[in-house]
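Q: return atomic coordinates for the entry below.
(chains A and B)
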There are 2 protein chains.
Amino acid sequence: MKMAFQLIFFTFFFTALIFSSLPSNYAHSHYPIDIGPAMVRNLDKEFQDSNTIPGISHITVAGAVLHGFNEIEVWMETAAPGGSTPVHRHACEEVFVVLKGSGTLYVASNASDSDGGKVFPGRPETMHFSVNSTFHVAPDVVHQVLNTDPHQDLHLLVVVSKPPIKVMMYEDWTTPHNEAQLMNPFVWDARYVVADQTSSAQEI
Amino acid sequence: MKMAFQLIFFTFFFTALIFSSLPSNYAHSHYPIDIGPAMVRNLDKEFQDSNTIPGISHITVAGAVLHGFNEIEVWMETAAPGGSTPVHRHACEEVFVVLKGSGTLYVASNASDSDGGKVFPGRPETMHFSVNSTFHVAPDVVHQVLNTDPHQDLHLLVVVSKPPIKVMMYEDWTTPHNEAQLMNPFVWDARYVVADQTSSAQEI
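A: Numbering: from 1, shown residues only, chains lettered A, B, ... in the order given. Next up is the predicted model:
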């Protein structure tokens, strides 16, 4: 009777041990979403962040913090009429493909405009874009993307290099370079970085 | 006095930093298409290569050899029904977004399948994808993308890192790893590399 109890206990104990040790070493990566060496995912079912930047809805299609990509990051962005990104710059390359709608790209015309000892991005150049076009912004060039179409959403696919992105944010086009604020992690990554730290703390 | 010196030094340092961070090819590049620090381009008017890989039509949206990108490359691909990429691998990250149609991704299931001393990619796993999905292939994983829909074109946006791409080509899924052929430059870049060498030679 005692032996049967021991047998049940050890069977339970070893089974639990095997199951608890398997996932962390074998099946799961340490990123919030484990996509393995290859995977197909339905974009309709991916998390869409619509609250962080007003007027912008964001899906991280392929992310460094979220999925473990090292060299590229891909986003799907929807901007409502009137919606815009902040005025900002970053040290990575960035390419946009316009899937739907139209809008305006503002780009710093002259990185060395100065006034009273302060250096500004300069009065931006205006470039219009519409569906089935592409545009890019070179590293460290201050820019802003706006949906200037009053009637329809702007749907963009965005690619950046050297993820996770580290963004220098300008309040507006009159903000001098030395008053730009570093945002790292960027808003879309922040929730995962915080979540990761929390789960690490819980493990300790 | 010391404070004034510090102020001058930091103003000089910051200004120098901004100028040095500007793209070196700000006005003129030595690439076949000079896109400058920012530009909007209509994809309908970009060159479309429909002859190099049977069944595949290719646009280099953002290219290393073509435009001077250093960290990312973006392609727009259309595969006719039955069209497919070669069986291949590369050391870069790759992300696909399915804009139209559906198809099949073949991915090497086991990089170490061996038979009589030769090592093969292994019998591929099959993954189906359709419009508004994304898929990725990790570096060095052998793969093939096929339009398996008999009725409609497959329209893909493709992103790769570390351009220009250097591809290891397999004749088919039974080709051993040591018989894969390096293709560098890849077919879509080859025309520009040759053109570039010719123009360099003419300059000399």
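
Q: any idea how far A:Leu105 lies from A:Asp44?
A: 28 Å (C-beta to C-beta, to the nearest Å). In this view, the C-beta of every residue, glycine as well, is placed from N, C-alpha and C.

Q: so for those two, which residue has more residues nearby?
A: With neighbours defined as other C-beta atoms under 10 Å in any protein chain shown, A:Leu105 and A:Asp44 compare such that A:Leu105 has more, 22 against 9.

Q: so where's chain A shaky on pLDDT?
A: A:1-28, A:110-113, A:194-204 (pLDDT under 70).

Q: what comes into contact with the helix or strand hosting A:Met39?
A: Assessed by DSSP states H and E, A:Met39 sits inside strand A:38-42. If you take C-beta atoms under 8 Å, 6 or more residues apart in numbering or on different chains as the criterion, strand A:38-42 is touched by A:35, B:105, B:107, B:125, B:127-129, B:132-138, B:141, B:143.

Q: what's the ChimeraX line that selects buried ones from those?
A: Isolation of the buried members of the contacts of strand A:38-42 (16 or more other C-beta atoms under 10 Å in any protein chain shown) is achieved in ChimeraX through the command below:
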select /A:35 /B:105,107,127,129,133,134,135,136,137,138,141,143
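
Q: which of the contacts of strand A:38-42 fall within strands?
A: B:105, B:107, B:125, B:127-129, B:133-137, B:143 (DSSP state E).

Q: any chance of these in TSV, with distance to A:Gly68 too?
A: Listed next are these as TSV, based on distance: C-beta to C-beta, whole Å:
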residue	distance to A:Gly68
B:Leu105	19
B:Val107	17
B:Glu125	20
B:Met127	19
B:His128	24
B:Phe129	20
B:Ser133	19
B:Thr134	15
B:Phe135	15
B:His136	10
B:Val137	14
B:His143	18
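
Q: of those residues, which pair is most distant in space?
A: B:Glu125 and B:Thr134 (17.3 Å; C-beta to C-beta).

Q: out of the contacts of strand A:38-42, give me the two with the largest separation.
A: B:Asn132 and B:Val141 (23.6 Å).

Q: next, the buried residues of stretch A:139-151.
A: A:139-149.

Q: closest one of these to A:His58?
A: Comparing these against A:His58 with C-beta to C-beta picks out A:Val145 as the nearest, at 12.6 Å.

Q: not counting its neighbours along the chain, what's nearest the closest one?
A: Among residues not flanking A:Val145 along the chain, A:Thr85 sits closest, at 4.8 Å (C-beta to C-beta, 6 or more residues apart in numbering or on different chains).

Q: the one you found touches A:Gln144, doesn't it?
A: Yes: under the criterion of C-beta atoms under 8 Å, A:Thr85 makes contact with A:Gln144 at 5.6 Å.

Q: now the helices: where do they sit in chain A?
A: A:2-22, A:64-67, A:187-203 (DSSP state H).

Q: what is A:Val98 paired to in the beta sheet?
A: As for beta bridges, A:Val98 partners with A:Leu156 under DSSP bridges.

Q: and it, how many neighbours?
A: 21.

Q: hmm, it is touching A:Asp153, no?
A: No: with contact defined as C-beta under 8 Å, A:Val98 and A:Asp153 do not form a contacting pair (11.5 Å).

Q: how's chain A carved up into domains?
A: Segmentation of chain A into domains, based on automatic domain parsing, reads A:1-30, A:43-203.

Q: contacting residues around A:Val131?
A: A:98-102.

Q: returning to that earlier point: how much space is there between the residue nearest to A:Val145 and B:Glu77?
A: Counting by C-beta to C-beta - A:Thr85 and B:Glu77 are separated by 28 Å.

Q: cool, and A:Thr148?
A: A:Thr148 is 30 Å from B:Glu77, by C-beta to C-beta.

Q: ditto for A:Trp173
A: 37 Å.

Q: the two: which is more packed in?
A: In this view A:Trp173 and B:Glu77 are compared by other C-beta under 10 Å, and B:Glu77 has more residues nearby, 20 against 15.

Q: touching, the more buried one and B:Thr52? I think so.
A: No: using C-beta under 8 Å as the test, B:Glu77 is too far from B:Thr52 to be in contact (11.6 Å).

Q: overlap in contacts, the two.
A: Common neighbours of B:Glu77 and B:Thr52 (C-beta under 8 Å, 6+ apart) are B:His58.

Q: how many other residues sit next to A:Met169?
A: 18.

Q: in contact with it, which residues?
A: By C-beta under 8 Å, 6+ apart, the contact set of A:Met169 is A:86-88, A:180-183.

Q: excluding chain neighbours, what is closest to A:Ile53?
A: Nearest to A:Ile53 is A:Val187, by C-beta to C-beta, 6+ apart, at 6.6 Å.

Q: what of A:Pro164?
A: A:Ala64 (4.3 Å).

Q: any idea how far chain B is from that neighbour?
A: Per C-beta to the nearest C-beta, to the nearest Å, A:Ala64 is found 10 Å from chain B.

Q: that residue reaches A:Ser161, doesn't it?
A: No: with contact defined as C-beta under 8 Å, A:Ala64 does not count as touching A:Ser161 (10.6 Å).

Q: quick check: neighbours shared by the two?
A: Joint contacts of A:Ala64 and A:Ser161 (C-beta under 8 Å, 6+ apart) are A:Glu73.

Q: neighbour count for those two, which is higher?
A: A:Ser161 (24 against 21).

Q: my read: that one touches A:Glu93, true?
A: Yes: if you go by C-beta under 8 Å, A:Ser161 and A:Glu93 touch, sitting 4.5 Å apart.

Q: what do these two both touch?
A: What both A:Ser161 and A:Glu93 touch, as defined by C-beta under 8 Å, 6+ apart, is the set B:70-72.

Q: any idea how far A:His30 lies from A:Val65?
A: From A:His30 to A:Val65 the distance is 11 Å (C-beta to C-beta).
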